[in-house]
Structures are given as C-alpha cells and as structure tokens.
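Participant: below are the sequence and a predicted model for it; my questions follow.
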Amino acid sequence: MPQASRHGRPRKRFGQHFLHDPAVIERIAAAIAPRSGEALVEIGPGRGALTRLLLESDCGSLDAIEIDRDLAALLRGQWGAEERFRLHNADALRFDFRALARERGRPLRIVGNLPYNISTPLLFHLLESVGEIRDLHVMLQREVIARMAARPGDSAYGRLTVMLSPWVEVERLFDVGPGAFQPPPKVWSAVARLTVRAGPAFPVSSAFQAVVAAAFAHRRKTLRNALRGLATPEQIERCGVDPGTRPETVSPALFNAIAGTVKLPSGAG
C-alpha cells in the first residue's frame, strides 16, 4: 500500500475529495444543528473535518462509516477513546441502517459528503431504511442536487426526483465551489437537506419504481412509447395524463396513479 495512502491522501478509486474549507464545514454543521441525545451517522468522514464539529455538540452518538481502511485507522486514532463515537470500516452501499437504528433506539440523522460516483445508488439504498431515518444532510454534485429538488417541467426533473418525492422533502441549502476541497473536483457541489415525511406523500404502488424507470429510460419518448408493454394509452389517459406528453412534465402522484393500473409479472417490482 503506498505511503501516501497511509497518511490519508485522497484515493481516486473511492472518489475522494476532502472538504477543507473551515467556513463551509461550519456552515454544514450549523445546518445540521445536532441536539442533545440524537443519533448521528456520518457517511464518508474522510479526515474528520466535520466529525470534530459534530462531536463538539451534545449529540447522543456519532457512527462514522468509512470504507478506506487507512482513513478508518486515522479516525480511530483521533476519536477512538470518545464514548459517543463508533467507527464502521464498511461500504455504505451495503451497510444495514435499519439495524443501527434499532441498536441506537431512535431514528438516525444522516450526514455525508457523498462520493459522486455512487451518489444515486447510495440514496436509493438509504430509501430502503427511510422509516428509521429522520433526515439527511448531504453534499453532492450540484447537478444531482438540482435533480433531487426539481419540479415537473424543470430541465433537471427526472427519475431521481420522482423516486425521492414520496418519502422526503428536499431543500437545497447552498452551493460549494471546487476550491473548498482537496483535491478540487472538476464540478461544483451543493448541500441539501432531505426531511423524511411522517408518512408517504401517497400510497406507493408496487409498480411505481418500474413505471418511473421505464418512463425516464429514454427522456425524449412520450409516455405512450416509453411505457409500451407496461401501460396502454387508454390506461394512461384514464389517470388524467395525455399519453403524448413527455415524462419530465408528469408529477410523482400521476406516475403513481399510472403505476396503480399496471400488473407486473410475479416477482417483478
């Protein structure tokens, strides 16, 4: 293993860009505003710039998930003696957030400068445990945050927007320039707050995911063509949607209405 890695240098294969701007770090911590007794989870703490500020609060616990073994050792050396801190040298894409919430006995507050190369699958993985999560404060590529917060008709509106909509309210907080990181990424970043709804915005159909995925697989297709094999034009029209419209203009609730008319093969969904 190269010497540079043992000293916490960024690893390209993990998509690491370490946040080092104190003003940005403090602004993120202020947005999170940890309160007494809360269970915080930091995904990808890196060198621990935000970790330190979170532990300066009176949170009940801070679980840090770091895939890089060398960074995990660095973090353990810094805060291993802190009773509220626990380091998980693990892949967040495979981490059991439900089990952690049960262990902590309360909903989790997720925090993370998420690796851009796994951001969308990681968000979908977190959605699987949405009942055990109170909110998420995440930094991602600015274009991804734009998709998350988009509205029907916006150019950024797409599959990610629609899939998040039943479960969370997305609030775009602020942008972060490349110079706040080491090494600087080639793109701007942004921070968003995702607040988990008390209940889903609508009763989510078992075919919702399949319909949304098909609709946005080819954005320029009309719903009539994109959903061929899943829903007929007549089914789409009965839901109050013009089959000739494009998916980026259709609300999440209407996608769900269409999904409610679809019968998936056994085992699909």
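Facilitator: Right, received. Where do you want to start?
Participant: where exactly do the helices run in the stretch 151-269 of the chain?
Facilitator: With DSSP state H, counting those that start in this stretch as the definition, the stretch 151-269 of the chain shows helices at residue ranges 159-164, 208-215, 223-226, 233-238, 252-259.
Participant: would you reformat the ones you listed as CSV and include mean pLDDT and mean neighbour count?
Facilitator: Glycine gets a C-beta too; all of them are placed from N, C-alpha and C. Supplementary listing: the helices of the stretch 151-269 of the chain in CSV, determined by pLDDT from 0 to 100; neighbours: other C-beta atoms under 10 Å:
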stretch, mean pLDDT, mean neighbour count
helix 159-164, 97, 22
helix 208-215, 97, 21
helix 223-226, 97, 19
helix 233-238, 97, 16
helix 252-259, 98, 22
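Participant: want to try JSON lines for these, with distance to Arg147 as columns?
Facilitator: Putting the helices of the stretch 151-269 of the chain into JSON lines (distance: least, C-beta to C-beta, whole Å) gives the following:
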{"stretch": "helix 159-164", "distance to Arg147": "5"}
{"stretch": "helix 208-215", "distance to Arg147": "13"}
{"stretch": "helix 223-226", "distance to Arg147": "18"}
{"stretch": "helix 233-238", "distance to Arg147": "24"}
{"stretch": "helix 252-259", "distance to Arg147": "13"}
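Participant: Ala192: which of these is closest?
Facilitator: helix 159-164 (10.3 Å; C-beta to C-beta).
Participant: circling back: compare the helices of the stretch 151-269 of the chain and give me the one nearest Arg86.
Facilitator: Proximity to Arg86, assessed across the helices of the stretch 151-269 of the chain by C-beta to C-beta, is greatest for helix 159-164 (28.2 Å).
Participant: which stretches of the stretch 51-200 of the chain form strands?
Facilitator: Using DSSP state E, counting those that start in this stretch, the strands found in the stretch 51-200 of the chain span residues 61-65, 85-88, 108-113, 133-141, 168-176, 181-182, 189-196.
Participant: right, I'll call it a day here.
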